[in-house]
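Peer 1: Model the structure of this input:
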Amino acid sequence: MRRFAPLLAAGVLATLVPALAPAQASAAETTTAPSSDILRQKPDWQRCDPELSAAYECATVKVPLDYRKPKGATLDVAISRIKAADPAKRHGVLLSNPGGPGGSGLDMPLLLDEHLPKEVREQYDLIGFDPRGVGRSSPISCGLTDAEQNWLRPYKPETFTADVAWARSVADKCRQQAKDVLPHITTRNTARDMDVIRAVLGERKVSYLGYSYGTYLGAVFTEMFPQRSDRIVLDSGVDPQRAWRGMIQVWAEGAEPAFHRWTQWTAQRSAEYGLGDTPDAVSRTFWDLVARADKDPIPFEGQKLTGDDIRSARPYFFYPQQAAELVKALKAAAEGRPPAGSVPEGFLRGRAGGPAADNSTAVFLAVVCGDTDAWPRDPEQYRQDAVRDKARYPLFGDFASNIMPCAFWDRPAEKATAVNNRTPVLTVQNEWDSQTPLTSGEGLHRALKGSRMVLAAGGEGHGVYLFDPASCANAPVSAYLATGRLPYQDITCTTPPAEGGRLTQPKPAPPFPGAPDRF
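Peer 2: The predicted structure follows:
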């Protein structure tokens, strides 16, 4: 989506009825409630951008930096909205999050306003926001260069010492650059911010549509504020039991069946792609390319690709046609011929150009390192895991288990959230999702005991509802958002593979600087 430059205005204090205050000292959420000044805010809505619709409005609300100190320092959180057109049909507000951690959600109302079906759209004020630390919400920075932001690294014995030094240096830089704020950029605090937004908007409950990381944020919100949760849709699920190292490692696990599926698909089209007429032959073609590039990098579109670069194309194997086109082009380049296939958009993105801003990476690290204390602290553990997982999952195992700055992060301020509630929730999942594989979505469904799951069998891509107009999941999700009634039981429907009709393409493959995988 296009990134916008909203003109955000500071919040103006006003009185809210006490019933709209965030839940205080409940069994689910025991942190001290925000101060009365926070709760008496009234957003000063202004037009976000003179080039965009006047209906798209932006404002700023204050939230506590540390919810244990309700009268202490505050952060700004940028919010946006497009109001429901017909007050008579209005049900409430629909908050949304596009994923991350570190993703901006301020322009989500524009996307939803365009693509939600009428019977859903007319019921909600569409609310977007940049989570704390992101974009226009008191953004943080670690002062990282492009190279330092490259956090997915292949394991090699000869580079591991340097990788450990990199991880320690990044943790130190983040601590130095954002030491007062960094411990408070967590999912639990963002969930608390969502409840402040709810109160400031004058709502007793909020409905919510979260994608990818936004599913974990939504699950944490339902755990902390079950009585404030209305119609909740969690699309492309993060397994709470695997937050966060396990969610990176699941990329390697999920890539193996996707790779096997790709070899079968490509072998059936050997006349078109020339990569082999059996799955084993296609696999050999790929791994021969990797071995060749490791010995002598392959010149490709003005750059030289190593075997690790080729393996890092993991997300594309969830889209068999795109992967086949890419490998065909790489094979031609290795043989000194002009590329005979098309290169998926984004494959080389981020490998050239000047330094990129590190706000998104800084927030990503703050959340994944600060949400949980489960990260190993001994670098040797990462080395052993990377060696083990490269053998288990050859395509990506060592990338997923190698050292991370989290090994040297400060201990979290709070324990990780144990998600285990019966709040009514609808989870949505594609069968072939590269970032939150099916096993992850099933884990989220299990953790949310009151949830129903819509599984799009055959569905490809990260993000289901609205992102694939042909998805069989769209109708049951729209019905739930329109009526508030969950399906009687889980739904498995069949979606044909996307043929270029998605709103987004696969994410650029790591570990190219400036283009890391995210949730």
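Peer 1: Buried residues, the one helix or strand Thr266 maps to. List them.
Peer 2: Thr266 belongs to helix 245-267 when assigned by DSSP states H and E. For helix 245-267, the neighbour count (16 or more other CB atoms under 10 Å) marks 245-256, 258-259, 261-263, 265-267 as buried. For the C-beta atoms, the positions are set from N, CA and C on the backbone; glycine is no exception.
Peer 1: now do stretch 279-296
Peer 2: So, applying 16+ other CB under 10 Å, buried residues of stretch 279-296: 279, 282-283, 285-286, 289-290, 292-293.
Peer 1: I'd like the residues you listed written out as CSV, with secondary structure, pLDDT and distance to Ala456 added.
Peer 2: Formatted as CSV, the buried residues of stretch 279-296 follow (DSSP: H, G, I helix; E, B strand; the rest coil; pLDDT from 0 to 100; distance: CB to CB, whole Å):
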residue, secondary structure, pLDDT, distance to Ala456
Pro279, helix, 98, 25
Val282, helix, 98, 26
Ser283, helix, 98, 27
Thr285, helix, 98, 30
Phe286, helix, 98, 27
Leu289, helix, 98, 32
Val290, helix, 98, 31
Arg292, helix, 97, 37
Ala293, helix, 97, 35
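Peer 1: Go through those residues and name the one nearest Arg188.
Peer 2: Closest approach to Arg188 among those (CB to CB): Val290, at 41.0 Å.
Peer 1: Surely that closest one and Arg311 touch.
Peer 2: Yes: with contacts defined as CB atoms under 8 Å, Val290 counts as touching Arg311 at a distance of 6.1 Å.
Peer 1: how about the helices in the stretch 351-500 of the chain?
Peer 2: 359-370, 379-392, 397-401, 438-447, 474-483 (DSSP state H, counting those that start in this stretch).
Peer 1: can you tell me which of those helices comes nearest to Asp235?
Peer 2: For the helices of the stretch 351-500 of the chain, the distance to Asp235 is smallest for helix 474-483, at 7.8 Å, taking CB to CB.
Peer 1: Can you tell me what sits against that closest one?
Peer 2: With contact meaning CB atoms under 8 Å, 6 or more residues apart in numbering, helix 474-483 is reached by 94, 116-117, 119-120, 123, 207, 209, 231, 233, 235, 426, 428, 454, 464-466, 468, 485-487, 491, 493.
Peer 1: can you do 10 Å?
Peer 2: Helix 474-483 has contacts (CB atoms under 10 Å, 6 or more residues apart in numbering) with 91, 94, 115-124, 207, 209, 231-233, 235, 424-426, 428, 452, 454, 456, 464-468, 471, 485-487, 491, 493, 495.
Peer 1: Quick one, which of the helices of the stretch 351-500 of the chain gets closest to Lys415.
Peer 2: Using CB to CB, those put helix 359-370 closest to Lys415, at 11.6 Å.
Peer 1: Return that closest one as CSV; C-alpha atoms alone will do.
Peer 2: Only the C-alpha atoms of helix 359-370 are listed here, as CSV (Å, rounded to 0.1, in the frame of the first residue of the first chain):
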residue,chain,number,x,y,z
ASN,A,359,12.4,2.3,12.7
SER,A,360,10.6,-0.9,11.6
THR,A,361,13.5,-3.1,12.5
ALA,A,362,14.0,-1.4,15.8
VAL,A,363,10.4,-2.0,16.8
PHE,A,364,10.6,-5.6,15.5
LEU,A,365,13.6,-6.3,17.7
ALA,A,366,12.1,-4.5,20.7
VAL,A,367,8.9,-6.6,20.5
VAL,A,368,10.3,-10.1,19.7
CYS,A,369,13.1,-9.7,22.2
GLY,A,370,11.1,-7.9,24.8
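Peer 1: Who are the packing partners of it?
Peer 2: Packing contacts for helix 359-370, counted by 3 or more CB pairs under 10 Å, 6 or more residues apart in numbering; DSSP states H and E, involve helix 146-149, helix 160-178, helix 187-200, helix 213-224, helix 245-267.
Peer 1: Just put those in CSV and tack on mean pLDDT and distance to Asp410.
Peer 2: Output for these, formatted as CSV (pLDDT from 0 to 100; distance: least, CB to CB, whole Å):
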stretch, mean pLDDT, distance to Asp410
helix 146-149, 94, 18
helix 160-178, 98, 7
helix 187-200, 97, 15
helix 213-224, 98, 21
helix 245-267, 97, 17
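Peer 1: Quick check: which of the ones you listed is nearest to Asn420?
Peer 2: Nearest to Asn420, of the helices and strands packed on helix 359-370 and by CB to CB, is helix 213-224 at 7.5 Å.
Peer 1: Quick one: list the elements packing against that closest one.
Peer 2: Helix 213-224 is packed against strand 92-97, helix 187-200, strand 206-211, strand 229-235, helix 359-370, strand 425-432, helix 438-447, with contacts defined by 3+ CB pairs under 10 Å, 6+ apart.
Peer 1: Turn the ones you listed into JSON lines, including mean neighbour count and distance to Asp385.
Peer 2: Shown next, in JSON lines, are the helices and strands packed on helix 213-224 (neighbours: other CB atoms under 10 Å; distance: least, CB to CB, whole Å):
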{"stretch": "strand 92-97", "mean neighbour count": "25", "distance to Asp385": "30"}
{"stretch": "helix 187-200", "mean neighbour count": "25", "distance to Asp385": "24"}
{"stretch": "strand 206-211", "mean neighbour count": "26", "distance to Asp385": "29"}
{"stretch": "strand 229-235", "mean neighbour count": "25", "distance to Asp385": "29"}
{"stretch": "helix 359-370", "mean neighbour count": "26", "distance to Asp385": "16"}
{"stretch": "strand 425-432", "mean neighbour count": "26", "distance to Asp385": "26"}
{"stretch": "helix 438-447", "mean neighbour count": "21", "distance to Asp385": "19"}
